[in-house]
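Peer 1: model this:
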Amino acid sequence: MPNLFNKINIAKKAKPDQAPTNELPDEELFISIILSDQELQSALVSKNQEIKKYSSIKSYFDRQDLLAQLDSSLQDLGPAAEEVADCVFIFDENWLKDGDLLDSKRVIVKELADDLSLSPLGQMSISDAIHQARVAKDSHDSSLTLYLREKDFDLLLIKHGQLLANLKVGRSAKLSDDLQEGLARISQDLVEKGKYFPNKVFITSLNLPQKTLIKEQAMLQNFDWTQIGGFLQVPEFVVLEPDFLIKALSIAASQMLLKDLILSPDLENEASKEEKLKEQEQSVSSFGIDLSDTKTSLELKKQAVLSDNLQTQELDADGADDLQDEPASEVLPTKKMTKKRWMINASRFFEKNRKPILIGGGFGLLLVILVFVMFSSLMSVTIKLTPNVQILQKNLEITLDPQLNESDFSRNLLKASLVKKEVSGKDSLSTTGISLVGDKAKGEVELFNKTFTDKTFAAKTNLIYDKIVFTLDEELTIPGAEEKDGGRGIDYGSEKVAITAKDIGAEANIKKDSKLKIADFSEDTYSATAIADFSGGSSREVRVVSKDDLDKLLNQLKTKLNDSASNDFAQESTAGVYFVPTGNSQIKTSDYDHKEADEVETLSLSMTLEVEAIKYLSSDLKQLAEAVLLLDLPENYNFVDEEPSLLSDQAKAKGDDNSRLVLDAELSAKAKANIDEESVKNLVLGKSLAEAKRNVLEDGLIKQAEIIVKPGFMKNFIKKIPKDAQRLNFIID
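Peer 2: Numbering: from 1, shown residues only. Next comes the predicted model:
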């Protein structure tokens, strides 16, 4: 965006006949004011780059509150700031378009300047001021700066002192992703200049707390930035101090004011009247606010000067022509003759109509007197008063306790009640369990009994081949061995039988003549041999419901329903009733569409959840706010009949008891000054209009006063307010 430093404009205070010294007085002060959409901060600054004092960061919620908070911020600067009117505004980029204030913001800033009697010297943007502050520290600075807001941030790239990029990037859940997007856009726009990034990254913000910035810093530092290119080494992320912005931007404004004074020689002795007027117009408009009254005044003044010059020239020219064309002795008698003729005609008319003129003049004068007396008797004076309003604020810890019968404001205990809400919903996820399915291998073996005793094997007896287990399909008895005739050897007893693999899988498809061991028996006693190749064994992996799937879906849907209930409670927090979830919930019903080990791709769950919340009333909160803030209530002030404002962090359980919640809150309420009409009457009755208004404003409780005289034209005739209190009316805003 365009550089806004050229919009800095300072009032030249040197006298016309005094040469510029190019020096600023030691204690010539101005006020720097930072404005964003919801926050502001101000500082009292010397134009020789010394910060005298700065306020805390103020938050505001609407246009009227902006004026009140800025007034409070200026009061924080102390008595030394009361006599300082010069100021420099430093705006968030959201207030600007192409380097100029948005029309909607221009009206607001002009209103601030008028109501607070500020004299704007110029404007800057926060981004340009950050750049100026960095370069002032190191003219060859190279760094990245993230100026964070809640929904977006400004990304500044400074290389060798030059601001190469300043762009706005929207924020998502992960700041690292958003920063990658911004750096990619910079690289694309700058090509070679944006190929490499500085290794120093600064983080700052006006509206985000320091703990949030530190959390974002940790997440950014843990990300591997070398994988995206552009960084030659791991960058260092640094969170700037909370007062960095107000200090750095104020010094930047001071430097630009000093630079403008040194680089602007006094050329007024050489300038024409018309050029001076143009400079005045530019001085007013350079701030970027349409000061229409001032512009009109300047235009009228310019026209008056030009008109005077033209009239002088015309008069001189006419005079010269008259003197040249005819002698003065002929001109003067002509004027005397004209005057004398007019007097003679007037005298004749008066003598001829003396009586009607005298009678008509008398009646006219009498009528004027009667009208004046009548309006004087009907005249009334209305005094319209606007009381002072103060915003009282206090930080405290509020305990919401549903077990209380009534609130205890002295201990910050607020009466509450426990409510429950049922929410229902359905959710699903993809299953992650893995299971093997398939068929078992089958075949036939011949069992041999090498003992001389018959042996019976029960069904399901194990037969083992290389760790693969098979079982007998049926019970089987094998006869014992016998000696051959003549002692020529032994014939083993044998029987054929079918067996089946214990587990599924193709590895059980063993070959013919494979030797199997029978249970735990030695092969010297019993053995088995495959008669033919086994077949039928197969296996494959399938997705099934696992125990983890059941638990994960339960927690997932429970969280979803809790969030839904919290949103419902938030929407129901209206009309003076507020709900704060306790975090306690109970599953009333849950129904899975499949059970563990079922072969399915997707698992679904329907659930009804009972969620607990604490309810409290704004009326109780208002009483607590008034009781807490009562000690800070100024004398002769009362609280305004409005709902108190409560800004708080997320409610948390008090100890191990979730039924009692604690709010770290900031209470604020408006207080308005009480105006005693009888006291005001004593200040104005019988006083002049100016004195009466001055007396009222000196009371200290009144912000504005307006004296209205009816009929309006009587204001030009009366010098004092009537002493009759019956003719005095009051309007108090």
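Peer 1: what does stretch 54-70 rub up against?
Peer 2: For stretch 54-70, the surrounding residues in contact (Cβ atoms under 8 Å, 6 or more residues apart in numbering) are 33, 38-44, 72-74, 76-77, 108, 111-112, 115-116, 206-207, 243, 246-247, 250, 389, 391, 645, 647. (C-beta placed from N, C-alpha, C; glycine too.)
Peer 1: can you turn the buried subset of the residues you listed into a selection I can paste into PyMOL?
Peer 2: With 16 or more other Cβ atoms under 10 Å as the burial test, the buried ones among the contacts of stretch 54-70 are selected in PyMOL as follows:
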select buried, resi 33+39+40+41+42+43+44+72+73+74+76+77+108+112+206+246+247+250+391+645
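Peer 1: inside strands: which ones of the contacts of stretch 54-70?
Peer 2: The strands, defined by DSSP state E, take in I33, E39, L40, Q41, S42, A43, L44, V389, I391, S645, L647 from the contacts of stretch 54-70.
Peer 1: nearest to R171, of these?
Peer 2: Nearest to R171 among the ones in strands among the contacts of stretch 54-70: E39, at 16.9 Å, using Cβ to Cβ.
Peer 1: mind listing what that closest one touches?
Peer 2: Residues in contact with E39 (Cβ under 8 Å, 6+ apart) are I57, K58, S59, Y60, L206, N207.
Peer 1: so how far is G700 from the spatially closest residue to K720 that is not a sequence neighbour?
Peer 2: Spatially, and ignoring its direct neighbours in sequence, K720 is nearest to S688 (5.4 Å; Cβ to Cβ, 6 or more residues apart in numbering). Using Cβ to Cβ, to the nearest Å, S688 is found at 21 Å from G700.
Peer 1: more neighbours: which of the two?
Peer 2: S688 (13 against 9; other Cβ atoms under 10 Å).
Peer 1: tell me the phi and psi of the more buried one?
Peer 2: With angles defined as degrees, to the nearest 10, S688 shows backbone torsions of phi -70, psi 160.
Peer 1: go on, Q69?
Peer 2: Per degrees, to the nearest 10, the backbone of Q69 is at phi -70, psi -40.
Peer 1: now the strand or helix carrying G443, how far from the centre of its chain.
Peer 2: Taking DSSP states H and E as the criterion, G443 maps to strand 433-449. Computed by Cα atoms, centre = their mean, to the nearest Å, the separation of strand 433-449 from the middle of its chain amounts to 69 Å.
Peer 1: now do it, average pLDDT.
Peer 2: For strand 433-449, mean pLDDT is 91.
Peer 1: how about stretch 454-474?
Peer 2: 94.
Peer 1: mind putting the ones in strands among the contacts of stretch 54-70 into TSV with pLDDT and distance to L447?
Peer 2: Supplementary listing: the ones in strands among the contacts of stretch 54-70 in TSV, determined by pLDDT from 0 to 100; distance: Cβ to Cβ, whole Å:
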residue	pLDDT	distance to L447
I33	95	102
E39	93	91
L40	94	96
Q41	95	96
S42	95	101
A43	94	101
L44	94	106
V389	85	106
I391	84	99
S645	71	92
L647	68	87
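Peer 1: ok, of those residues, which one's closest to I228?
Peer 2: I228 has its nearest neighbour among those in E39, at 32.3 Å by Cβ to Cβ.
Peer 1: what's the distance between N94 and L77?
Peer 2: Counting by Cβ to Cβ - N94 and L77 are separated by 25 Å.
Peer 1: ok, and the closest non-adjacent residue to E422?
Peer 2: According to Cβ to Cβ, 6+ apart, the nearest residue to E422 is E610 (5.2 Å).
Peer 1: er, L447 I mean
Peer 2: For L447, the spatially nearest residue (Cβ to Cβ, 6+ apart) is A528, at 4.9 Å.
Peer 1: so what pLDDT did that neighbour get?
Peer 2: The model's pLDDT for A528 equals 94.
Peer 1: then I675?
Peer 2: At I675, the predicted lDDT confidence score is 82.
Peer 1: before we move on, what SS does it have?
Peer 2: Secondary structure, DSSP: H, G, I helix; E, B strand; the rest coil: I675 is coil.
Peer 1: my read is that it contacts N388, right?
Peer 2: No: here I675 does not reach N388: they are 9.5 Å apart, not a contact under Cβ atoms under 8 Å.
Peer 1: okay, and the common contacts of those two?
Peer 2: L701, I702.
Peer 1: S590 - that's part of a helix, no?
Peer 2: No: checked against three-state DSSP, S590 lies outside a helix; its state is strand.
Peer 1: can you pull the contacts of it?
Peer 2: Residues near S590 by Cβ under 8 Å, 6+ apart: L554, L605, S606, M607, T608.
Peer 1: nearest to D141 among these?
Peer 2: Nearest member of those to D141, counting by Cβ to Cβ, is L554, at 54.4 Å.
Peer 1: next one: phi and psi at the closest one?
Peer 2: Taking degrees, to the nearest 10 as the convention, L554 sits at phi -60, psi -50.
Peer 1: give the buried residues for the strand holding G443.
Peer 2: G433, G438, K440, A441, K442, G443, V445, L447, F448, N449.
Peer 1: stretch 680-696 too?
Peer 2: Residues of stretch 680-696 classed as buried: V680, L683, V684, L685, K687, L689, A692, K693, V696 (neighbour count, 16+ other Cβ under 10 Å).
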